[in-house]
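J.: only geometry, no sequence info:
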């Protein structure tokens, strides 16, 4: 059976596209994960970002994916979710 | 020589056949005779475009059944006489006189038997009609289409969109929803009411979509529709029941012939798992409240602990004992009709009395459990339903006690002296105001205790389903709705 078209079971008061989580209004009191996905110079960018955030008194924690060719291991994603409130990745070269 | 009239009848025909049909193959000489007589014959083959063999060069391939669907073919062979593209008349199967009349050929099929019934059209094989409607027809569903990519898993997509109660849902495809809508005679666009908390309009179609997701069969849909209608009655107070910090959720009790017809469980493990109708009807109601109404746990649903019944809580009453007046009948539904009764209830409290043998002892014993619901010192606050098992009911039946007498006795047995209930009594701060001291008060408001029969034949035990802390006019009343088609 073709399951690529589904009928919306809701009252259709929200957009058809899956909504993103609303970003927090401020970072005060939150912990930011800085995830190095292994792309070149991503670590440099995140290092700088971490310093800047630190200067503003915002807690940061650094993480790294084992390889940029695969999605993050579930254990790493769970660790970040447990320890942090939001995450910044450096995506590009 | 044929008359001018019959010659005129030898006009355009459309013929639907399949090789798998013995009547269709039997008639091969007839098709040839029709052509030889000058008829313009449009042949559509449902299973093999090389059949009929002698007409292979003019056969149209209808293996996708589009033309069979568009021409509403139910039997093969079907011969349709056309005027231009307009159908003038048709005959199904082989009735020699009819074919002769339709074609004006007075000797058609002379060597064949006068009658053969034909076979079912492939376009009406089980499940096929809806498949063809999805592919070629105009669908009655108006809901927004959510398009997934080929790499998406539809079950996971439903989770991601927040459509699930935490368990996997059946993806609501057009085909499944169309089949579900076949379970009711009601118009998919009919509005049942507005579902709290968002007061969103709820159509029969939206209920059908959520019933698909819950895992319902189409024949359950009328029960789900009645349950939704009951939940939307102001007296049921669905909004309050949803947003309360208390445990409660709608408990759906089904009465009448529909329960047997759709195979609901009223016997062994009636309040438990394992029966598709029980499980999915209750779940469908919850999904309607969640998806149409927007009643999301942690959002407007602020239950402190909730209850497993918030996934589903639905069962049928055992009406097999003729001495017993069914719940729905006691609530004004005509005997023999089907109905749902909704009750804002929480978990199940067992009463395991194996030694009572008289109705007096059993009543006093059940009352000890009944007074404990909500809080043992809070009276006139909660409603309850008592689910009497067969073995407990037998004690009442053998003593000749009716539903009404059992209820009256239970309510009387739930009386307690006010001084035992006041705040501070028994060293417990919770309780009734000091003003009740010196009075005898009973646990339940009038009509605050419901009685229903269910359960397996073995076991001297009954179940109590406690109700929400807000009852009657200031909260939720049980609501009964007749189940339509």
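T.: Cool, the structure landed. Small disclaimer: the values here were computed from a predicted structure and weren't measured. Numbers count the residues shown, from 1 in each chain, chains lettered A, B, ... in the order given.
J.: Enumerate every residue touching whichever residue of chain A sits closest to chain B.
T.: Scanning chain A for proximity to chain B using CB to the nearest CB identifies residue A:11 as nearest, at 3.2 Å. Yep, even glycine has a C-beta here, placed from its N, CA and C like the rest. Residues near residue A:11 by CB atoms under 8 Å, 6 or more residues apart in numbering or on different chains: B:195, B:198, B:200-202, B:206, B:291-294.
J.: What is the nearest of these to chain A?
T.: residue B:200 (3.2 Å).
J.: how many neighbours does the closest one have?
T.: For residue B:200, the neighbour count with other CB atoms under 10 Å in any protein chain shown is 19.
J.: Please work out the average pLDDT along the one helix or strand residue A:54 maps to.
T.: Using DSSP states H and E, residue A:54 maps to helix A:42-55. Helix A:42-55 carries an average pLDDT of 94.
J.: Name the residues of that helix that are buried.
T.: Neighbour counts over helix A:42-55 (16 or more other CB atoms under 10 Å in any protein chain shown) mark A:42-43, A:45-46, A:50, A:53 as buried.
J.: Check stretch B:446-465 too.
T.: Quick answer for stretch B:446-465 (16+ other CB under 10 Å): B:448-456, B:460-465.
J.: before we move on, what about stretch B:303-313?
T.: Neighbour-count burial for stretch B:303-313 [16+ other CB under 10 Å]: B:303, B:306-307, B:309-313.
J.: Pick out the most distant pair among the residues you listed.
T.: B:303 and B:312 (15.7 Å; CB to CB).
J.: residues near residue 29, how many?
T.: I went with chain A, as the question did not name one. Neighbours of residue A:29 (other CB under 10 Å): 10.
J.: um, chain B though
T.: Residue B:29: 15 neighbours (other CB under 10 Å).
J.: Likewise for the one 3 residues further on?
T.: Counted with other CB under 10 Å, residues neighbouring residue B:32 total 14.
J.: what sits against residue A:85?
T.: Residues near residue A:85 by CB under 8 Å, 6+ apart: A:24, A:30-32.
J.: try it again with 10 Å
T.: The neighbourhood of residue A:85, defined by CB atoms under 10 Å, 6 or more residues apart in numbering or on different chains, consists of A:24, A:27, A:29-33, A:59.
J.: right, and residue B:209 touches residue B:181 too?
T.: Yes. The criterion here is CB atoms under 10 Å, and residue B:209 meets it with residue B:181 at 9.5 Å.
J.: neighbour count winner among these two?
T.: It is residue B:209, of residue B:209 and residue B:181, that has more neighbours when counted by other CB under 10 Å, with 31 against 25.
J.: Need the nearest residue in space to the most centrally placed residue in chain A, chain neighbours excluded.
T.: Computing the C-alpha centroid of chain A and ranking residues by CA atoms, centre = their mean puts residue A:87 first, at 3.6 Å. Excluding the flanking residues, the one nearest residue A:87 by CB to CB, 6 or more residues apart in numbering or on different chains is residue A:33, at 4.0 Å.
J.: packing partners for the helix or strand hosting that neighbour?
T.: Counting by DSSP H and E, the element that carries residue A:33 is strand A:31-36. Under the contact criterion of 3 or more CB pairs under 10 Å, 6 or more residues apart in numbering or on different chains; DSSP states H and E, strand A:31-36 touches helix A:42-55, strand A:59-64, helix A:74-83, strand A:86-89.
J.: Would you reformat these as a markdown table and include distance to residue B:348?
T.: Output for those, formatted as a markdown table (distance: least, CB to CB, whole Å):
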| stretch | distance to residue B:348 |
| --- | --- |
| helix A:42-55 | 52 |
| strand A:59-64 | 46 |
| helix A:74-83 | 35 |
| strand A:86-89 | 42 |
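J.: re earlier: next, find the distance separating the residue nearest to residue A:87 from residue B:128.
T.: 53 Å (CB to CB, to the nearest Å).
J.: so residue B:75 bridges to which residues?
T.: Applying DSSP bridges to residue B:75 yields these beta-bridge partners: residue B:120.
J.: Now for it, how many residues are close by?
T.: Residues near residue B:75, counting by other CB under 10 Å: 18.
J.: Next, the contact list for it, please.
T.: B:16, B:21, B:23, B:90-93, B:117-121, B:124.
J.: Please pick the buried ones from the contacts of residue A:11.
T.: Buried, going by 16+ other CB under 10 Å: B:195, B:198, B:200, B:202, B:206, B:291-294, out of the contacts of residue A:11.
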